[in-house]
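K.L.:
here is a sequence with its predicted model. Questions after.
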Amino acid sequence: MNHLLSQYKEIASASLDSAKSLPFGAYINESVFNLEVEKIFHKEWIFVCAEQAMKNSGDYFAFDLAGESVVIIKGKDGALQAMSNNCRHRGTPLLDTGFGHIANNIVCPYHAWTYDDKGEFKGAPFPGKVKIKKEQHCLPQFKLETWFGLLFINLDKGAAPLADKLKGIEVYTSIYKPERFEMYTPGLTEFWDANWKLAMENALEGYHVFKVHKDTLETVGPSKLSYYVAGSSKWTITGGASENASGKLAKWFRGSYPEAYNHYQVIILPPSFVAILNYDSLSWIHVLPDGKGKSEICSGSLSPKSMFKEDKQSKAFTEAFFAEDKWICERVQKGMHSKLGLGGKLVEMELSVVDFHQYLSSRLFDTAVDDFFEDENAKRFKIE
């Protein structure tokens, strides 16, 4: 185990000129996975869902965050609250996983211990002579912040604000005016037989698009037209030219517009969030671990009201490239069980993977990372 961790640390901390694939054992080892849960998923800002997915008081979203049952509820006062979804009595998950609605209070399905929409303990039936101190039995609260309608949670009470992590990113994203995006479209939720890191590495690089997505993504965002914009271990933006990003009618309505509107950005916020941003929408996938060899993959999108549409063609397109990604990730995961196989060099188109690896190394082993880097491609996204 110590040898595997030493390999992991050495390889993940490397710069592009000496960067290689992570050791295969890092994708299948239980102890490595437990370390990542402890030092990353229980300490970092993790994307959850779109704020617009919970419109009404009483709406909630319950999910599993690397073993922790968590729920976000929109209270009667309209504010969103993140809290534990485990009953303070004997730990029963309170609300069913996924999106739902509570009419009034949260009632445990086991012994009917009851909490309000802020997690305050209201009472328990038949306590007998036992006195239950209400203030000692409220649901633990978690940090919750939003960025352009996207909700992020942090289980660490001492965590720095989300803004610290995202500092500088709006220099590049503001040209698309993402504050316009208020219409939410739910996407897919799937479970893949692939380690979470493997699914993330696949999502954040465009090197594989020409091969794996020849008939889908390659037709709209070819690998050869992708490039690095700016980033470091905190966050990375890559970009690409869209061959048919908008129809003639949409372009006519826009009139004169920046050249950047013919391009898209891939925004990578480790550990688990990858988004595609262009003038028309913000679409994403996020990856949550479901054990050492499984991942939960969720998607969704936001768009302006003026461009909002739900069509079967777009849904079919998304399902097609999701199927392609699932196939290749599960295929690679099988290769990670090899005792004799060795990973090789990463190429220039995988610089975003290098950033991600350095993120892992810095969080797990407290290693130094490369300085922030901005490519000359960045200038097309900067507002003069």
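P.N.:
Yep, it's here. All figures in this text were calculated on a predicted structure; none of them were measured in a lab.

K.L.:
what about Lys9, how many neighbours?
P.N.:
A total of 15 residues lie near Lys9 under the criterion other CB atoms under 10 Å. To be clear about C-beta, it is placed using only N, CA and C from the backbone, and glycine gets the same treatment.

K.L.:
also the one 10 residues further on?
P.N.:
Residues lying near Ala19 (other CB under 10 Å) number 20.

K.L.:
surely it touches His357?
P.N.:
Yes: counting by CB atoms under 8 Å, a contact exists between Ala19 and His357, whose distance comes to 7.0 Å.

K.L.:
let me see the ranges of the helices in this protein.
P.N.:
Listed in chain order, the helices of the chain (DSSP state H) span 2-12, 30-36, 162-166, 170-173, 196-204, 209-212, 248-254, 312-335, 351-365.

K.L.:
which one of these has the lowest average pLDDT?
P.N.:
Looking at those, the lowest mean pLDDT belongs to helix 248-254 (a mean of 52).

K.L.:
can you redo the helices of the chain as CSV with distance to Val48?
P.N.:
Shown next, in CSV, are the helices of the chain (distance: least, CB to CB, whole Å):
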stretch, distance to Val48
helix 2-12, 26
helix 30-36, 18
helix 162-166, 12
helix 170-173, 20
helix 196-204, 16
helix 209-212, 27
helix 248-254, 31
helix 312-335, 20
helix 351-365, 19
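
K.L.:
and of those helices, who's closest to Gly240?
P.N.:
Among the helices of the chain, helix 209-212 comes nearest to Gly240, with 9.0 Å by CB to CB.

K.L.:
show me which positions of stretch 184-194 end up buried.
P.N.:
Across stretch 184-194, burial judged by 16 or more other CB atoms under 10 Å covers Tyr184, Thr185, Gly187, Glu190, Trp192, Ala194.

K.L.:
pretty sure the last one contacts Gly293?
P.N.:
So the one you mean is Ala194. Yes: between Ala194 and Gly293 there is a contact at 7.2 Å, judged by CB under 8 Å.

K.L.:
so what sits against both of the two?
P.N.:
Applying CB atoms under 8 Å, 6 or more residues apart in numbering, one finds that Ala194 and Gly293 are jointly contacted by Gln333.

K.L.:
rewinding a little: quick one: which of the helices of the chain is nearest Pro140?
P.N.:
helix 162-166 (19.4 Å).

K.L.:
now do the buried residues in the closest one.
P.N.:
Leu162, Lys165, Leu166.

K.L.:
same question, stretch 327-344
P.N.:
Going by neighbour count (16+ other CB under 10 Å), the buried part of stretch 327-344 is Ile328, Cys329, Glu330, Val332, Gln333, Met336.

K.L.:
need the overlap of contacts for Ala19 and His357.
P.N.:
Common neighbours of Ala19 and His357 (CB under 8 Å, 6+ apart) are Ile11.

K.L.:
quick one on the thing from earlier: could you dump the buried residues of helix 162-166 to CSV with distance to Val274?
P.N.:
CSV is the format used below for those (distance: CB to CB, whole Å):
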residue, distance to Val274
Leu162, 17
Lys165, 15
Leu166, 15
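
K.L.:
coming back round to it: go through the helices of the chain and pick out the most buried.
P.N.:
Mean neighbours per residue, mean count of other CB atoms under 10 Å, is largest over the helices of the chain for helix 196-204, with a mean of 25.

K.L.:
how about low-confidence regions in the stretch 201-350 of the chain?
P.N.:
244-256, 307-311 (pLDDT under 70).

K.L.:
residue contacts, Val130?
P.N.:
So Val130 contacts nothing (CB under 8 Å, 6+ apart).

K.L.:
select, out of the helices of the chain, the one closest to Ser299.
P.N.:
If we rank these by CB to CB, the stretch that ends up nearest is helix 312-335, at 6.9 Å.

K.L.:
so how far is that closest one off the chain centroid?
P.N.:
17 Å (CA atoms, centre = their mean, to the nearest Å).

K.L.:
any idea of the angle it forms with helix 196-204?
P.N.:
Interaxial angle, helix 312-335 versus helix 196-204 (axes from the mean of the first three to the mean of the last three CA atoms, to 10 degrees): 140 degrees.

K.L.:
which outside residues touch helix 312-335?
P.N.:
24, 27, 187-188, 190, 192-195, 198-199, 202-203, 208, 212-213, 215-217, 293, 297, 299, 341.
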